[in-house]
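In: 3D, please:
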Amino acid sequence: MSLNVTNLINLIPTIYIHQFICLIGLLPFAIIFLLFDSAMAFIIFFNGIWYHSTLSKFTRIFDIFCNTILIIIANLNTSWQPGTLYCSIFAIIAWTINIQTEKRPEISSLIHVLATQWVFCYALYRFVL
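Out: You can find the predicted model right below:
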């Protein structure tokens, strides 16, 4: 089998609009990583790209596991309490409701970005200040 441009293009996974929305929603984590050298922001950004671009069961479980650990660490070590706790509770409830509802994937992804990713991102921003 020869390796040509067509074969290389076929190796690139198809990214649907709902995945693209979630991937764009990760950009604030990249900004926090770059501005504040935050390891937490890098882990969230990297794992989020990995999961939302592949949608595999393993990356989903790994992403949820890492995020859970990071939420606990941030809540235990932040000086911005009870704000971080309120953000965490809100985002976890929003995530739980959103994954259980039958919506169009684009709407569900938008809710995920606004009510989960960006709420946690704000709490992380307050943590790294």
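
In: On the pLDDT front, check the most centrally placed residue in the chain for me.
Out: By CA atoms, centre = their mean, the mean C-alpha position of the chain lies nearest to G48, the distance being 4.3 Å. pLDDT for G48: 97.

In: Might you report the residue contacts of it?
Out: By CB atoms under 8 Å, 6 or more residues apart in numbering, G48 lies in contact with C22, L23, L26, F29, D63, Q117. Every residue, glycine included, has its C-beta placed from N, CA and C.

In: max-length helix in the protein?
Out: helix 57-77 (DSSP state H).

In: so what does the following helix or strand past that one touch, helix or strand wise?
Out: Downstream of helix 57-77, the first helix or strand assigned by DSSP states H and E is helix 83-100. On a contact count with 3 or more CB pairs under 8 Å, 6 or more residues apart in numbering; DSSP states H and E, helix 83-100 meets helix 57-77, helix 105-112, helix 118-128.

In: any idea how far F29 lies from T14?
Out: 24 Å (CB to CB, to the nearest Å).

In: ok, now S108?
Out: From S108 over to T14 the distance is 18 Å, taken as CB to CB.
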